[in-house]
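A.B. asks: Build me a model:
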Amino acid sequence: MLAQYLKGVGPKVAKLLRKLGIETVEDLVYFFPRDYEDRSNPTGIADLQLGRTAVVRARIDDLDHKLTRNRFSVLKADLADRTGSIQAVWFNQPFLARMLRRGMKVIVSGKVEFSEFDEVKQLTVKDYEIDTGQNQGIVPFYSLTEGLYLKKVRSIVRAALEQGLPEVIDWLPEALGKKHKLIALRDALLGLHQPKKMSEIEPARRRLAFDDLFLFQLGLALRRKKVKTAQGNALDIDLSVLDEFRASLSFKFTAAQDRVLSDILADMRSAAPMNRLVQGDVGSGKTIVAAAAALLAIKAGYQAALMAPTEILAQQHFEKMIRLPGYQNIRVELLTGNTARIRKTKDQRPKTDLLIGTHALIQKTVEFSRLGLVIIDEQHRFGVLQRADLVKKGSNPDVLVMTATPIPRSLALTVYGDLDRSVINEMPPGRTPVKTYFVPEDKRGSAYEFIRNEVKAGRQAYVVCPLVEESEKIDLRAAMDEADRLKRDIFPEYSVGLMHGRLKSEDKDRIMAEFKSGGLDILVSTTVIEVGIDVPNASVMIIEHAERFGLSQLHQLRGRIGRGAQQSYCFLLAEAKSKEAKLRLKAMIDSTDGFHIAEVDLRLRGPGDYCGTRQSGLPNFRVADIIRDEKILKEARKAAFDLVEEDINSARNIWKSQGQKAEKPASGATFN
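C.D. replies: As a prediction, this is how the structure comes out:
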């Protein structure tokens, strides 16, 4: 039933509800309060404390309504109870002057503050209700939109519960509910909207959080089951090829690389398609593991494709691969936007062993004769459909997904829950951790002097800016202006280059080649260098306005240095005024462990901002919070995956009837 046909709604209110994502009665039933207030124990007026929020049950002794010159409404009421009196103030609610009367008993909640004009204590009202003697003790607060008032929403939700609650079917298998000590679905819905006691809220929230996470994990489990039961390519792996490849390298694999490669080999030998995420911090050696996997696939008679998010990174992978000792007789090609423009006819590659490129790989004109392995680097930069389009160019090829962005476990179980996961949690020997320092504005000169000394010693430096050009509205150092200033005023004796996203691809390639060869001493850049740039001689980095960057982005940027044997240094130039900014900078200074930094970042920013909800496939859950509810997430995941293994028909039926709720929830709940 559409919400519009509920009593008290109608077309006008229905239009406002749609702004909150509410179309139906069911949407209203699942539109949960964002907060609650316990009015069962009001505070006596004499006991009110300045700066505190409180609930008062009192009588209106007098009313005074005025309009300011700007037609702004100010309603003042003298409230009294048996302990004392106080003035209550409502701002910009002129209709209340017609509703409230002297002698009326009310329950008022608000903050105790000093009056701006006469410096006496007053109660700035957040919410009120007429005292009937039968009032609800626990009062819900819902998200609102302009033109829709709290009392109206409460009334509409009550009507929706009366209409919709009897129709609610508890779809969760009874045995699962008992096993996880979950209350019934109707009780949970009522417990969130109309709790009689504050203690009723958490069991209700837990049940609905479990539902959120169970349904989402059920979708992942069914998707994983489909992949695992598909007919893939069982590759005939020749281990002597791997032995020769490893022997040709100038370094030994770490124990973590060996472990991850062992996981990959087992997948490639299996008839089921590989679907594996390899997660490793910056510099942990993911690319060489992927190169080994590609070589084994090629020697087994298949083709491999590697897709990277930027032309710079694709070019870098290409240059690395063709230089590897084991790749002398392997036919490697590069396909990016630039190279693709040269090709006008259908692009058939029966003779290419490894095709490296950007999203140009998914063009219709690109065909493979026997694609056996798909490698996707920095996969969070691609949309789900882009990844799927590349996989479709083979017959259920093995898929290896890589990321240098450390992902907290709770997020990985949600976003990548259908993938097998391997972690390279060990750095190659000889890597010296980067030393990181906070530099206030008045110490900027010292940072420049440090760069000068490093360049004199034969090293190179990055200066990272958040913008390309100076903005009048945002006072940030911009890359173009900073590059000019450094060339002219600070480092006239050194060569300073500029790199940013608006440059043409050929210009980016030229600048990076010049920097890598030592032709540039200092590279001023935006975050275009965040991923995949490898210049071992660069030993120092300044990050301008570091407080404006997310923690994971700061960590990725810092990963561009410390790639050689020499000690490297990162200077965070910032004006850290907010508590969150200070915590971010402290985490960067205290740790070089990407996984620890990722956990801090997730807590500070929340899962949606951390990975980009639309790109990641992370839903906006109705109730669940994957940071707070990690324990419930693990329970729900195990329950979902177990059900798929034990009774796939029941799992499919639940997904068929309820799966859309995991895909497109509607809620205003935050439960702060």
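A.B. asks: any idea of the pLDDT on Arg341?
C.D. replies: Confidence at Arg341, expressed as pLDDT, is 46.
A.B. asks: looking at the chain, which helix or strand does the model trust least?
C.D. replies: Every helix and strand in the chain was compared by mean pLDDT, DSSP states H and E; the lowest is helix 613-616, with a mean of 44.
A.B. asks: mind listing what's buried in stretch 424-441?
C.D. replies: Ile424, Asn425, Glu426, Met427, Pro428, Arg431, Val434, Thr436, Tyr437, Phe438, Val439 (16 or more other Cβ atoms under 10 Å). Quick note: C-beta positions are derived from backbone N, CA and C, even for glycine.
A.B. asks: Tabulate the CA atom coordinates of stretch 595-606 in PDB.
C.D. replies: Taking C-alpha atoms only, stretch 595-606 is exported to PDB below (Å, rounded to 0.1, in the frame of the first residue of the first chain):
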ATOM      1  CA  PHE A 595      46.000  -2.000   8.300                       C
ATOM      2  CA  HIS A 596      46.100  -0.100  11.600                       C
ATOM      3  CA  ILE A 597      45.700   3.200   9.700                       C
ATOM      4  CA  ALA A 598      42.800   1.800   7.700                       C
ATOM      5  CA  GLU A 599      41.000   0.800  11.000                       C
ATOM      6  CA  VAL A 600      41.400   4.300  12.400                       C
ATOM      7  CA  ASP A 601      40.200   5.800   9.100                       C
ATOM      8  CA  LEU A 602      37.100   3.600   9.000                       C
ATOM      9  CA  ARG A 603      36.200   4.700  12.600                       C
ATOM     10  CA  LEU A 604      36.700   8.400  11.800                       C
ATOM     11  CA  ARG A 605      35.000   8.500   8.400                       C
ATOM     12  CA  GLY A 606      32.500   5.700   8.500                       C
END
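A.B. asks: any idea how far that stretch is from the chain center?
C.D. replies: Remark: stretch 595-606 is offset 10 Å from the chain centroid, using Cα atoms, centre = their mean, to the nearest Å.
A.B. asks: now stretch 96-107
C.D. replies: Computed by Cα atoms, centre = their mean, the chain-centroid distance of stretch 96-107 equals 47 Å.
A.B. asks: Distance across that stretch, terminal residue to terminal residue?
C.D. replies: 14 Å (Cα to Cα, to the nearest Å).
A.B. asks: With stretch 143-158 instead?
C.D. replies: 15 Å.
A.B. asks: Mind listing residues that contact that stretch?
C.D. replies: 3, 6, 8-9, 13, 16-17, 19-20, 28, 31, 34, 127, 129, 140-142, 193-194, 668 (Cβ atoms under 8 Å, 6 or more residues apart in numbering).
A.B. asks: Cross the residues you listed against helices and list the overlap.
C.D. replies: Within the contacts of stretch 143-158, residues falling in helices by DSSP state H are Val13, Leu16, Leu17, Leu28, His193.
A.B. asks: what's near enough to touch the fourth one?
C.D. replies: Meaning Leu28. Ala3, Leu6, Leu17, Ile22, Ile156, Val157, Ala160, Gly164.
A.B. asks: Give me the lowest-pLDDT entry from those.
C.D. replies: Lowest confidence among the contacts of Leu28: Ala3, with 75.
A.B. asks: returning to what we had before: among the contacts of stretch 143-158, which are in strands?
C.D. replies: Asp127, Glu129, Pro140, Phe141 (DSSP state E).
A.B. asks: want to throw the residues you listed into TSV with neighbour count, distance to Asp509 and pLDDT?
C.D. replies: Shown next, in TSV, are these (neighbours: other Cβ atoms under 10 Å; distance: Cβ to Cβ, whole Å; pLDDT from 0 to 100):
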residue	neighbour count	distance to Asp509	pLDDT
Asp127	15	61	91
Glu129	15	67	90
Pro140	20	58	94
Phe141	17	55	93
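A.B. asks: can you tell me which of those lies nearest to Phe245?
C.D. replies: Ranked by distance to Phe245 (Cβ to Cβ), the ones in strands among the contacts of stretch 143-158 are led by Phe141 at 62.1 Å.
A.B. asks: picking up where we left off before, just the buried residues out of the contacts of stretch 143-158, in ChimeraX syntax.
C.D. replies: In ChimeraX syntax, the buried subset of the contacts of stretch 143-158 is picked out as below (16+ other Cβ under 10 Å):
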select :3,6,9,13,16,17,20,28,31,34,140,141,142,193,194,668
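A.B. asks: Check the gap between Gly518 and Gln460 for me.
C.D. replies: According to Cβ to Cβ, to the nearest Å, Gly518 stands 7 Å off from Gln460.
A.B. asks: What ranges does the stretch 201-350 of the chain have for its helices?
C.D. replies: 201-229, 239-248, 255-269, 286-299, 311-323, 337-342 (DSSP state H, counting those that start in this stretch).
A.B. asks: Let me know the average pLDDT across the first one.
C.D. replies: The average pLDDT for helix 201-229 rounds to 92.
A.B. asks: Give me the packing partners of it, helices and strands only.
C.D. replies: helix 185-193, strand 275-280, helix 409-415, helix 630-646, helix 648-663 (3 or more Cβ pairs under 8 Å, 6 or more residues apart in numbering; DSSP states H and E).
A.B. asks: Swap in 10 Å and give it another go.
C.D. replies: Contacts defined by 3 or more Cβ pairs under 10 Å, 6 or more residues apart in numbering; DSSP states H and E place helix 201-229 against helix 174-179, helix 185-193, strand 275-280, helix 409-415, strand 420-424, helix 630-646, helix 648-663.
A.B. asks: Buried by neighbour count: which residues of that helix qualify?
C.D. replies: Quick answer for helix 201-229 (16+ other Cβ under 10 Å): 201, 203-222, 224-225, 227.
A.B. asks: mind listing what Arg223 touches?
C.D. replies: Arg223 is in contact with Asn275, Gly417, Asp418, Leu419, Val644, counting by Cβ atoms under 10 Å, 6 or more residues apart in numbering.
A.B. asks: Present those as TSV; the columns should include pLDDT, neighbour count and distance to Asn453.
C.D. replies: Putting those into TSV (pLDDT from 0 to 100; neighbours: other Cβ atoms under 10 Å; distance: Cβ to Cβ, whole Å) gives the following:
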residue	pLDDT	neighbour count	distance to Asn453
Asn275	90	21	49
Gly417	79	22	49
Asp418	80	19	50
Leu419	85	22	46
Val644	95	21	60
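A.B. asks: Pipe those residues into CSV and attach distance to Gln566 per row.
C.D. replies: Below are the contacts of Arg223 laid out as CSV (distance: Cβ to Cβ, whole Å):
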residue, distance to Gln566
Asn275, 40
Gly417, 41
Asp418, 42
Leu419, 37
Val644, 51
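A.B. asks: Tell me which two of the contacts of Leu28 sit farthest apart.
C.D. replies: Leu17 and Gly164, at 14.2 Å, using Cβ to Cβ across these.
A.B. asks: buried set for stretch 59-76?
C.D. replies: Arg59, Ile60, Leu63, His65, Ser73, Leu75.
A.B. asks: Gly44: what's its closest spatial neighbour, skipping adjacent residues?
C.D. replies: Thr83 (3.7 Å; Cβ to Cβ, 6 or more residues apart in numbering).
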